[in-house]
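**Student:** attaching a predicted model along with its sequence, questions to come.
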Amino acid sequence: MVQATLFLPMLFLALGAHSLHAKKCSLTGTWVNDLGSNMTIESVDAEGVFAGSYHTAVSASPNEIKKSPLQGSQQKGRNQKSQPTFGFTVNWSFSDSITVFTGQCFVDDDGKEVLKTMWLLRSHVDERGDDWKATRVGTNVFTRL
């Protein structure tokens, strides 16, 4: 009986610790990244497809920054995890560039959702010889607003 009473609290702690990592991360909502850019993701449909808008805080373009549309997809189906991977494309409304993001939605120990992303930004160039300078790469961390 003593062994059973010691075993049950240990089992409870083990199951409780497992459920901490099972917190579900949702892409839907408004996010801000480490550079101050804002992103809103509308609802994610049953297939994992979503749309939204992105308002960047930084740009190399001389044009006035404008809110731009985004379209993306989240891993869904039987392979879906509680901290999903995703990707989306931003078609910049104010320049001749396009950016693709890929990342994962994480829930930290405090229950705070974080999007860790990597991106490729492709800018238009007039000549093939300038192709070398047309693609930039970077990372961003987004937190929920």
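**Tutor:** Okay, I see it. Numbers count the residues shown, from 1 in each chain.

**Student:** report the contact partners of residue 114.
**Tutor:** Contacts for residue 114 (C-beta atoms under 8 Å, 6 or more residues apart in numbering) come out as 105-108, 141-143. C-beta here means a position set from N, CA and C on the backbone, and glycine is covered the same way.

**Student:** tell me the gap between the one helix or strand it maps to and the middle of its chain.
**Tutor:** Using DSSP states H and E, residue 114 sits in strand 113-123. In this view, strand 113-123 has its centroid 7 Å away from the chain centroid, taken as C-alpha atoms, centre = their mean, to the nearest Å.

**Student:** can you pull up the bridge partners for residue 70?
**Tutor:** Note on residue 70: beta-bridge partners residue 52, residue 90, judged by DSSP bridges.

**Student:** how about the most centrally placed residue in the chain: which residues does it bridge to?
**Tutor:** Centroid check for the chain by C-alpha atoms, centre = their mean gives residue 115 as the closest residue, at 4.1 Å. The partner list for residue 115 in beta bridges (DSSP bridges) reads residue 105, residue 142.

**Student:** before I go, just wanted to say thanks for your time.
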